[in-house]
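J.: My questions are about this predicted structure, shown below with the sequence.
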Amino acid sequence: MTSVTGIVLALSLIIIMFGMGLSLTINDFKRVVTYPKAVIVGLVCQILVLPLIGYLIATGLDLSPTIAIGIMLLSACPGGATSNLLTHLAKGDLALSVSLTAISSILSIITIPIIVQFALLEFLNESQVVTVDSITMITQLMVIVIIPVSIGMLIKSNFQQFAERMEKPVKKASAIIFILVIIGVIFSIKDVFFSYLGEAGLPSIILNVSTMVIGFLLAMLFKLTRPQAISISIEAGVQNGTLAITLATIALNNAEYSIVPAVYGLLMFFTSAIIIFLRKPLGVMEEPTLKI
């Protein structure tokens, strides 16, 4: 993406996250802390299951080193604000999604170098120091996710009627922006996307669909609510392609490693759209009573 596209997308996400904050309360996050099982399941999916699936795909499909490293690099990156937007549109547990984004983003400062270093040794038999700009990552997390959500929650707590009036318009605006983002992504990578779709398309779609399905099934296996399962599914299957592309071009100095993140970045919107548009409205479900 160009710098202008990145800025527009960031501003759009800030506005959307503010709107999401209007629908959240402190009690939503207290519930996440009170019943940490959902957070633990979500983090296991993101930190352990996702890279494992990526490795199995890379070895099972006998991918070229470039595509294999691209898969591993992508699987190491957390969801970011995009996963929060998609969770909101899919009627998932938004507080859980925001919590997972925050925690996994911080943990990824440690996990990304480990996973990428492993991939380089495994598929190229060479070692390279991989660093993550932790200050930039935390700053982006604060500016794009935490601060806008907090402001929205503050307004909701003090001006509840205004927040309730804004809820529907914000959801409609989010849906429109979601569609525009898809169009923007297609346009920004149109030259690369179709050139490498044949090579990177299959592993990308397998990684995306399998991690979303596994995330959902694990959540249901541990008797989490349907909204929590939706959140974990999206957090597991929607990766921060922009971060992966940045690491490929800057940290690893090899733009070819960004092929998979570029292709994946578009495909994940379509699979998420299926969840969003097929998601049936559900009533309020009871929270699990089992604590761990």
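T.: Thanks, I have the structure now.

J.: now what about the helix or strand in which Lys156 is found, what contacts it?
T.: Secondary structure here is read from DSSP states H and E; on that basis Lys156 sits in helix 147-158. Residues outside helix 147-158 that contact it (CB atoms under 8 Å, 6 or more residues apart in numbering): 14-15, 17-26, 98, 162-163. Every residue, glycine included, has its C-beta placed from N, CA and C.

J.: does the residue nearest the centre of the chain count as helix, strand or coil?
T.: Against the mean C-alpha coordinate of the chain, by CA atoms, centre = their mean, the closest residue is Gly79 at 2.0 Å. The local conformation at Gly79, judged by DSSP: H, G, I helix; E, B strand; the rest coil, is coil.

J.: surely it meets Asn240?
T.: Yes: because the distance of 6.2 Å satisfies CB atoms under 8 Å, Gly79 is recorded as touching Asn240.

J.: picking up where we left off before, mind listing what the residue nearest to the centre of the chain touches?
T.: Contacts of Gly79 were listed using CB under 8 Å, 6+ apart, and they are 46, 97, 100-101, 104, 234-235, 238-240.

J.: Retrieve the pLDDT associated with it.
T.: Predicted confidence (pLDDT) at Gly79: the value is 74.

J.: Next: Gly265.
T.: The predicted local distance difference test score for Gly265 is 75.

J.: Run through the stretch 1-150 of the chain and note the low-pLDDT ranges.
T.: The stretch 1-150 of the chain contains residues with pLDDT under 70 at 1-10, 12-13, 16-17, 20, 23, 28, 80, 126-138, 140-141, 145.

J.: For it, just list every one of the helices.
T.: In order along the chain, the stretch 1-150 of the chain carries the following helices (DSSP state H, counting those that start in this stretch): 3-21, 26-34, 37-44, 50-60, 65-76, 81-89, 94-124, 134-141, 147-158.

J.: Let me know which of those helices is the nearest to Glu199.
T.: Of all the helices of the stretch 1-150 of the chain, helix 65-76 sits nearest to Glu199, with 6.1 Å by CB to CB.

J.: How far off centre is that closest one?
T.: 16 Å (CA atoms, centre = their mean, to the nearest Å).

J.: Which elements pack onto that helix?
T.: Contacting helix 65-76 under the criterion 3 or more CB pairs under 8 Å, 6 or more residues apart in numbering; DSSP states H and E are the following elements: helix 50-60, helix 94-124, helix 190-221, helix 241-246, helix 259-278.

J.: try 6 Å
T.: The elements that helix 65-76 packs onto, with contact taken as 3 or more CB pairs under 6 Å, 6 or more residues apart in numbering; DSSP states H and E, are helix 50-60, helix 94-124, helix 259-278.
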